[in-house]
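> Here is a sequence with its predicted model. Questions after.
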Amino acid sequence: MTVIHTAARQRITPDSRPPGFPVQSAGMFVIRSDGTATFDRHYHDFDEFWLVAAGTGTVQVGDEQHHITAGDIIFTAAGLDHDVIAVAEELRVFWLSLPPAPGGSGAHLHRTEHDAIKHAVRVVAAGGPR
């Protein structure tokens, strides 16, 4: 077992990952519920997992919206658009990205200029539909 100690908001990247670490990148992001959070609709050229550690909110994966809460795991396959569209309680989400195909960018990719613009994440009342 390998334990990787990271500081708050530190990410593991291809340049910082330990030898033999089988993922492209990993880390944690926070979506605050105070009205200041922003996010962008994007996709990747690699598969990505999100593990919700705390909070509740709504994400869009492809054409479907999903209410998420602590303990949920979200999988987005390469090429699938995803977005955080609402937060009820501050979200703390760990992500883990698998390596892209050869020649892949390993970045956030956007289908339109509008998608690339960070939008405000709507704050909603807690206890929405599950």
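That came through fine.
> and the residue nearest to I117 when sequence neighbours are not counted, what is it in contact with?
Distances taken as C-beta to C-beta, 6 or more residues apart in numbering place D40 nearest to I117, at 6.9 Å, with adjacent residues excluded. Just so you know, the C-beta spots here come from the backbone N, C-alpha and C atoms, and that holds for glycine as well. Going by C-beta atoms under 8 Å, 6 or more residues apart in numbering, D40 touches D83, H108, H110, D115, A116, I117, K118, H119.
> For the spatially closest residue to the fifth one that is not a sequence neighbour, the count of nearby residues, please.
With C-beta to C-beta, 6+ apart as the measure, H110 is the residue that lies nearest to A116, at 4.0 Å, once sequence neighbours are left out. For H110, the tally of surrounding residues (other C-beta atoms under 10 Å) stands at 15.
> likewise T112?
Neighbour number of T112 under other C-beta under 10 Å is 8.
> Equivalent analysis for the one 5 residues further on, please.
Per other C-beta under 10 Å, the neighbour tally for I117 reads 11.
> And G79, by the same measure?
12.
> Look up how far A101 lies from it.
11 Å (C-beta to C-beta, to the nearest Å).
> repeat for I85
Counting by C-beta to C-beta, the gap from I85 to A101 is 28 Å.
> If you count surrounding residues, which of the two has more?
When I85 and A101 are compared for neighbours, I85 comes out ahead with 16 against 8, by other C-beta under 10 Å.
> The more buried one in helix, strand or coil?
Using DSSP: H, G, I helix; E, B strand; the rest coil, the structure places I85 in strand.
> if we can go back for a sec, overlap in contacts of G79 and A101?
Contacts common to G79 and A101, judged by C-beta under 8 Å, 6+ apart, are D45.
> Could you pull out the helices in the protein for me?
113-116 (DSSP state H).
> Low-confidence ranges, it, go.
Within the chain, the segments meeting pLDDT under 70 span 1, 7-9, 127-130.
> show me where it has strands.
25-31, 38-39, 48-61, 64-69, 73-76, 82-97, 119-120, 122-123 (DSSP state E).
> Now the phi/psi pair for the residue nearest to I117, please.
phi -130, psi 140 (degrees, to the nearest 10).
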